[in-house]
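Participant: here's a sequence, model it:
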Amino acid sequence: IQSAEAASIKPMSLAEIAARERQLSLFDDMPTSSDTDLSLSQDVVVNAVTSRKHKTIDQSFVPVSRPLRICIAGYRSAPFGGGQGIYIKYLSKALVEAGHQVDVISGQPYPEVDPRVNLIKLPGLDLFNNGLRSLRAAHLTSLTNIIEWTSKLTGGFAEPYCFSRRLYKYLKGHRSDYDIIHDNQCLGWGMLKLQKKGFNLLTTIHHPITSDLEIALNDCDDKWQRFFIRRWYHFLAMQKRVAARLDHVVTVSKKSTLDISNAFSLDEKNIHLVYNGIDTEVFKPMRGVKRDPWQIMAIASADQPLKGLRYLLLALSQLVQQYPQLNLLLVSKPQEAGETEQLIKCLNLSKHIQFVHGVSTEALVRHYAESSIAVVPSVYEGFGLPAGEAMACAVPIVSTDGGALPEVVGDAGITVATKDPAALAAAIKEFLLDENARKRFGKLGRKRIEENFSWALAAKEMTTLYYNILDGEPLSSDQLLQESDFSNEVVTSANH
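Facilitator: Numbering: from 1, shown residues only. The predicted structure follows:
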């Protein structure tokens, strides 16, 4: 805060700030019968990339029998890091192509969306990029901003909760614009308020973040670090309670269905399954690009234990002793002086690793085309988009059996146990030494994705789910294909 702005602000001790955060009831802001306004600042800006009025959809140009006005909401939707931004990008595009009108409302970082999708920016403080010192006096007129800043100051993560407050504030004034609201794993109290106000709400839960917490704690021995890990994941208390009260939940794999049921105490029968898709028109083999037989590739959040990069680096350290020409292309951005950088230095692997980050989709596809093997070392995945994208590009894949990865990879790759560097090294070596096996598994992977994981099919299944929510008809996951207006050919080829 600048000195001139800070003059009128009474300083608070850390203890007072922590007490204030508790007073704000960050994770106990349960919806009440009074439905009190969330007291958001009028300075919150909603910035639409394309400003438009919602128009009647010309049904003569749409393949669905009943086009809908859909709002997809994501509290953060990074296009290059994590699967949530990718999910929003491709699902919204597929829904538009199915004939629907789609708005995406997102906090920072914003997603990349198809030009036919309307992106509405609902910014927060974005403290992970801007830092705590970015707070200005004008921000203090908003209770939501105070909650977000105070939580970050005390080691918490309030973005899901704060986004749900901002979204509720925005949608109260735009109720007539949408037939259905599709929440992408925000699970904030504001979502329950929308549901209570009569909005038709569907929530995607990719996987329960309880898995991330468990893996992070198991990977840490330091008492204070464990304390701060628990503090950061404290938003899970809110998400568990919100999930238990939602009327409609959808997830992306059978494994996630089971884990969500266990972690959030939901009946499996009430969790719908719609697999993610892979855009096979974008992720495909590139003709004329020569593969480097000694380049392997992985996409991983460098310093997240969930992604298992540590075990891939340990496997690489074994392999380079036999094959010093081996290189790893990592689509990742490691934290400066973080655990990943320290491990690379300790294992003397710097000359064998190339980091790239923030790459375009086109560049990513080219990286796949230049690599001989793709590796997914994750300890857990709710689906595993990087595995599916690599397979679509006909790159032979070595994957762990973490989470839902076996559902995606099937028998079209080599699958090994999680947290096993020796097994990863052996599987990578098997492909390195057998060019025919690489070609065979590359083709198998491409075929599996084409036959099983289509965004068009995901959009059709989601449309059926939307219709049944709007019409108040119960629907089991097994009925999604049968009740949709698919062609028989599509239904027959879908092996969900």
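Participant: who's in contact with the residue most central in space within the chain?
Facilitator: For the chain, the residue nearest the mean C-alpha position is Gln84 (2.3 Å; C-alpha atoms, centre = their mean). Residues counted as contacts of Gln84 (C-beta atoms under 8 Å, 6 or more residues apart in numbering) are Gly74, Arg76, Ser77, Ala78, Asn184, Gln185, His206. C-beta: built from backbone N, CA, C; applies to glycine.
Participant: among those residues, which has the minimum pLDDT value?
Facilitator: Lowest pLDDT within those is found at Ala78 (83).
Participant: in a helix, that residue, correct?
Facilitator: No. According to DSSP: H, G, I helix; E, B strand; the rest coil, Ala78 belongs to no helix; its state is coil.
Participant: wait, it sits on Lys89?
Facilitator: No. Ala78 is beyond contact range of Lys89, at 10.5 Å (criterion: C-beta atoms under 8 Å).
Participant: which one's more surrounded, those two?
Facilitator: Lys89 (21 against 18; other C-beta atoms under 10 Å).
Participant: picking that back up, what is in contact with Ala78 and Lys89 at once?
Facilitator: Contacts common to Ala78 and Lys89, judged by C-beta under 8 Å, 6+ apart, are Pro111.
Participant: tell me the phi and psi of Leu246?
Facilitator: phi -80, psi 140 (degrees, to the nearest 10).
Participant: can you count the residues close to it?
Facilitator: Around Leu246 there are 19 residues (other C-beta under 10 Å).
Participant: I'd guessed it sits against Thr204; true?
Facilitator: No. Using C-beta under 8 Å as the test, Leu246 is too far from Thr204 to be in contact (10.9 Å).
Participant: quick one: pLDDT of Gly358?
Facilitator: 85.
Participant: circling back to that earlier point, can you give me phi and psi for the residue nearest to the centre of the chain?
Facilitator: phi -70, psi -40.
Participant: for Gly384, see how far away it is.
Facilitator: Using C-beta to C-beta, to the nearest Å, Gln84 is found at 14 Å from Gly384.
Participant: now Ile147
Facilitator: From Ile147 across to Gly384, the span is 34 Å (C-beta to C-beta).
Participant: sketch out the helices for the stretch 351-496 of the chain, chain order is fine.
Facilitator: In the stretch 351-496 of the chain, the helices defined using DSSP state H, counting those that start in this stretch lie at 361-370, 385-392, 405-409, 421-432, 435-452, 455-471, 479-483, 488-493.
Participant: least reliable of the ones you listed going by mean pLDDT?
Facilitator: When I compare the helices of the stretch 351-496 of the chain, helix 488-493 is least confident, with a mean of 42.
Participant: among the helices of the stretch 351-496 of the chain, which comes closest to Leu349?
Facilitator: helix 421-432 (12.7 Å; C-beta to C-beta).
Participant: ok, the longest strand along the chain: who's next to it in the sheet?
Facilitator: Scanning the chain for the strand with the most residues, using DSSP state E, yields strand 292-299. Here strand 292-299 has these sheet partners by DSSP bridges: strand 327-331 (parallel), strand 371-376 (parallel).
Participant: alpha carbons only: can I get the last one in CSV?
Facilitator: Output in CSV follows, covering the C-alpha atoms of strand 371-376 (Å, rounded to 0.1, in the frame of the first residue of the first chain):
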residue,chain,number,x,y,z
SER,A,371,9.3,-36.5,-29.0
SER,A,372,9.7,-40.2,-29.1
ILE,A,373,8.0,-41.0,-25.8
ALA,A,374,5.5,-39.1,-23.5
VAL,A,375,5.6,-39.8,-19.8
VAL,A,376,2.8,-39.1,-17.2
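Participant: now it against helix 421-432, angle please.
Facilitator: Orientation check (axes from the mean of the first three to the mean of the last three C-alpha atoms, to 10 degrees): strand 371-376 against helix 421-432 gives 150 degrees.
Participant: contacting residues around strand 371-376?
Facilitator: By C-beta under 8 Å, 6+ apart, strand 371-376 touches 291-299, 312, 329, 368, 384, 386-387, 390-391, 395-400, 405, 424, 428, 431-432, 438.
Participant: can you select the buried ones from these in ChimeraX?
Facilitator: Selection of buried members from the contacts of strand 371-376 for ChimeraX, criterion 16 or more other C-beta atoms under 10 Å:
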select :291,295,296,297,298,299,312,329,368,384,386,387,390,391,395,396,397,398,399,400,405,424,428,431,432,438
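Participant: just the element for Ile120, please.
Facilitator: Element membership for Ile120 (DSSP states H and E) is strand 118-121.
Participant: counting contacts, what elements does that strand pack onto?
Facilitator: Contact partners of strand 118-121 among helices and strands, from 3 or more C-beta pairs under 8 Å, 6 or more residues apart in numbering; DSSP states H and E: strand 47-48, strand 101-106.
Participant: out of those, deepest packed?
Facilitator: Comparing the helices and strands packed on strand 118-121 by mean neighbour count (mean count of other C-beta atoms under 10 Å), strand 101-106 ranks first with a mean of 25.
Participant: elements contacting it?
Facilitator: Contacts defined by 3+ C-beta pairs under 8 Å, 6+ apart place strand 101-106 against strand 69-74, helix 83-97, strand 118-121.
Participant: that'll do, ta.
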